[in-house]
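# Using only what follows, build the 3D model:
(chains A and B)
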Number of protein chains: 2
Amino acid sequence: MKYTDLNTPMRTIMTPGPVEVDPRVLRSMSTPIVGQFDPAFTNIMNEVMEMLREVFQTNNKWAFPVDGTSRSGIEALLCSIIEKGDKVLIPIFGRFGYLLTEICERYGADVHTIECAWGEVFDQQDIIDEIDKVEPKILALVHGETSTGCMQPLDKIGPACRKAGTLMIVDAVASIGGVNIKVDEWMIDAVIGGTQKCLSVPAGMAPITYNDRVEDIVQQRKKVELGISTNEDKQRELNRSLSFIQSNYLDISMLQDYWSPRRLNHHTEATSMLYALREGLRIILEEGLEQRFNRHLFHEQALITGIEAMGLELFGDRSAKLPTVTCIKVPTGIDSELVRSMLLQQFGIEIAKSFGPLEGKIWRIGTMGYSCRKENVLFVLGALEATLLYHHADIKPGKATTAALDFYTQNIQPSVSVV
Amino acid sequence: MKYTDLNTPMRTIMTPGPVEVDPRVLRSMSTPIVGQFDPAFTNIMNEVMEMLREVFQTNNKWAFPVDGTSRSGIEALLCSIIEKGDKVLIPIFGRFGYLLTEICERYGADVHTIECAWGEVFDQQDIIDEIDKVEPKILALVHGETSTGCMQPLDKIGPACRKAGTLMIVDAVASIGGVNIKVDEWMIDAVIGGTQKCLSVPAGMAPITYNDRVEDIVQQRKKVELGISTNEDKQRELNRSLSFIQSNYLDISMLQDYWSPRRLNHHTEATSMLYALREGLRIILEEGLEQRFNRHLFHEQALITGIEAMGLELFGDRSAKLPTVTCIKVPTGIDSELVRSMLLQQFGIEIAKSFGPLEGKIWRIGTMGYSCRKENVLFVLGALEATLLYHHADIKPGKATTAALDFYTQNIQPSVSVV
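Here you go, the predicted structure:
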């Protein structure tokens, strides 16, 4: 036989995603499946909705995963809201702001952007001023920008959007489950989370939530498929005031019918991935949101202590740092990719490079979910030091790991129950 | 803690999907993950492409999964080809023909349909005549229509499409891995397969393949995202002769860049699902395509023998029967759903109802992949007989299971290596 058993190396994954999957999540995926309309399964769907509401800190009726990777959730929300010519305002502070722009343009939106330097974020008032100027139907922005390791403060923007009649859509793919994001309190209308980052679930699902302001639009654009539609459905569609949603697969109005008690068949829910998501969410709720956010801050602090002790410099505005991603400037004369490949080949450690203007200029180390733990931080510091010394970088030897070790022995780690 | 461990019942799943997942596939998903650009992972991506080519019986360069359920693959192919106003011809013989119509209409195609009664298929010449009349850019049709249990013969249509300059796109979601589909020999330009049916892999991926006639169109519509595009990309886009593809997530030109040696970042590949798909494909190639198709025919025969022995009638044109789905007329006076729920609650067996005009009129029993085995066939026959007798149906008692048992003892089962 040409194809062998699946043989994969064990890695220490310290990228901003995908990160190490929690062993309990891995195990859950081996569970034999049940059918998609089996009450045993629809109960699990309902439980996942409940758990997602807790993790999103929302009372929204709608909170469910889209069956695709993170950007499928982003596109599902945007394409279900945007009609041709709709004004969308997008503040860009890294690669994933461009992704939002890209998706909105594809669906014919009239896109307005403001940009700040990569490594910085916006003053919330500047975004609010721009909302007043542009009067967009939608404000779409990233919360945690993994390409630059920066996090945009959001708490004041939601109320301003509400006042302006603008819908606020947030890409929280890199922050959900690792950093506080208060969907209801901050008045965010729709949010997309990622599974393969702070939830420590494999890529392949995109949890979303949205409120009734979004649902109102989606309901007016609703279209039920020929072959399963009733006369009532057809009648309603004749009276539809807005255009139907362009995509079938990413049509939120059909997805919510499938996730509602009507259980109107759309796709076949990705059973094993839903088992994985359920277990990932359960682990978060067992740990507790507050403790989990503190744990991420704690290990971030240890990592930064080690990085700075060795004489390396962080990239980006420290006051806007995303706690789950630490960006490090590549020292002069060092080939970023040679270091990364030595880390992988000799130590089995993966760290990330960045994109566009930052490619080759910074490394990005993720401390997310199950990967965010003491052994990993200590290991990556020691390995990075040794690799840099091997490449004759001008750093202080023998400092990094001991500084982090001092941090760990002198401080009490929050939430030891899970890690 | 409010949420318990995942507790799911063991089911005998005899629907047309999702079906029981092969235990080897379930196990493979527990494998710790590696990063998406780790050479260990990109090797697995390449292996999956190779295996898919074998299962699709094609030499196409492109064969990879879309990260979403089956219809994401259908929509990816259609939306990457269709430009507004393009003529598409769709022969409809069940619900999933309507789905093709629905998707094409959403993307602005000029859709022409021909329909035949549910339970029948088209004479290939009728489709060919319609191609000559309509002169469509695309012919889109279903191979195995699970809603009616019918299978459309395709071998003569491909050459006619080639002659007419029409692209032939086939939905083989329900047939791939269970029934012969010769992509190259039959001259099919693009095919979508499903994982949760004859591959016995959970839902969540949609394997596709397409040839250079499709690639030519896709390349001309190519768009590389801002934030990761090079100057060369931008220059090429200025010269683009066709409109860009509407969806970002389902844009085949971006997906193929990610699956090519360029590995241009699009999404984060669904690691654990890819492990599952790899194992599912490996099992098929170990069994051998021919043996696997014969095994499906063998158990279909046993099931039909039992069903008819009990005096039940099959639905649909026997000469057009899809071997992996057997449709049975609900006897007069019997409530279809009461029988299904007793089968589930008392026996843990799931069989399916159908959609639209056939809802309540027929049951559908799937014999697909890992679910397609002797114990399951014998169990479902015994359970169905007992349930029908409990509901006072007019059937012949004591015949079904013994007839199937006779079949199994008198005939040699093909391919015992896997099942």
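
# partners of the residue of the stretch 301-419 of chain A at minimum distance from chain B in the sheet?
At 4.5 Å from chain B, residue A:350 is the closest residue in the stretch 301-419 of chain A, using Cβ to the nearest Cβ. Backbone N, C-alpha and C define where each C-beta goes, glycine included. Bridge pairing for residue A:350 (DSSP bridges) gives the partners residue A:13.

# Wait, it touches residue A:342, no?
No - using Cβ atoms under 8 Å, residue A:350 makes no contact with residue A:342, being 11.7 Å away.

# Neighbour count: those two, which is higher?
Using other Cβ atoms under 10 Å in any protein chain shown, the more surrounded residue of residue A:350 and residue A:342 is residue A:350, with 25 against 18.

# For the more buried one, give me its contacts.
A:11, A:12, A:13, A:14, A:15, A:340, A:343, A:344, B:34, B:35, B:38 (Cβ atoms under 8 Å, 6 or more residues apart in numbering or on different chains).

# ok, so what distance separates it from residue A:18?
Distance, residue A:350 to residue A:18, by Cβ to Cβ, to the nearest Å: 10 Å.

# before we move on, what about residue A:277?
Between residue A:277 and residue A:18 the distance is 14 Å, computed by Cβ to Cβ.

# do the same with residue A:84
35 Å.

# Same check on residue A:394?
With distances taken as Cβ to Cβ, residue A:394 is found 33 Å from residue A:18.

# phi, psi of residue A:63?
Dihedral angles of residue A:63 (phi, psi; degrees, to the nearest 10) stand at phi -160, psi 110.

# which residues pair with it across the strands?
residue A:209.

# can I assume it is in contact with residue A:211?
No - taking contacts as Cβ under 8 Å, residue A:63 lies outside contact range of residue A:211: 10.2 Å.

# leaving aside the residues next to it on the chain, what's closest to the residue positioned nearest the centre of chain A?
Residue closest to the average C-alpha location in chain A (Cα atoms, centre = their mean): residue A:173, at 1.2 Å. What sits nearest to residue A:173 in space, not counting adjacent residues and going by Cβ to Cβ, 6 or more residues apart in numbering or on different chains, is residue A:194, at 3.4 Å.

# so what's that neighbour up against?
A:17, A:70, A:172, A:173, A:174, A:176, A:203, A:206.

# Of the residues you listed, which belong to strands?
Among the contacts of residue A:194, DSSP state E puts A:172, A:206 in strands.

# Burial check on the residue lying closest to residue A:360 once chain neighbours are set aside, number of neighbours?
Once flanking residues are discounted, residue A:360 sits nearest to residue A:336: 4.8 Å by Cβ to Cβ, 6+ apart. Using other Cβ under 10 Å, residue A:336 is surrounded by 18 other residues.

# sec struct for the residue in the stretch 1-150 of chain A that chain B sits nearest to, please.
Closest contact between the stretch 1-150 of chain A and chain B, by Cβ to the nearest Cβ, is at residue A:98 (3.5 Å). Here residue A:98 takes the helix state, with states given by DSSP: H, G, I helix; E, B strand; the rest coil.

# do you know how far it is from residue A:91?
From residue A:98 to residue A:91 the distance is 12 Å (Cβ to Cβ).

# how far is stretch A:302-320 from where the chain is centred?
Relative to the chain's own centre, stretch A:302-320 is displaced by 23 Å; criterion: Cα atoms, centre = their mean, to the nearest Å.

# And for the residue of the stretch 1-150 of chain A closest to chain B, nearest residue in space, chain neighbours not counted?
In space, residue A:98 is closest to residue B:227, 3.5 Å off (Cβ to Cβ, 6+ apart).

# residues near the one you found, how many?
Residue B:227 has 19 neighbouring residues, counting by other Cβ under 10 Å.

# ok so it is a strand residue?
No - with three-state DSSP as the criterion, residue B:227 is coil rather than part of a strand.

# Can you tell me which helix or strand of chain A has the lowest average pLDDT?
Lowest on mean pLDDT, DSSP states H and E among the helices and strands of chain A sits helix A:231-238, with a mean of 76.

# Quick one: list the elements packing against the longest helix seen in chain A.
Ranked by number of residues, the top helix in chain A under DSSP state H is helix A:289-309. Contacts defined by 3 or more Cβ pairs under 8 Å, 6 or more residues apart in numbering or on different chains; DSSP states H and E place helix A:289-309 against strand A:325-329, helix A:374-390, helix A:400-410.

# residues making contact with that helix?
In contact with helix A:289-309 (Cβ under 8 Å, 6+ apart) are residues A:54-55, A:57, A:177-180, A:198, A:284, A:287, A:314, A:323-324, A:326, A:328, A:365, A:367-368, A:372-374, A:377-378, A:380-381, A:396, A:399-404, A:406-408, A:411, A:413-415, A:419.

# Below-threshold pLDDT in the stretch 301-419 of chain A: ranges please.
A:415-419 (pLDDT under 70).

# Go again with 80.
Counting by pLDDT under 80, the ranges of the stretch 301-419 of chain A that qualify are A:413-419.
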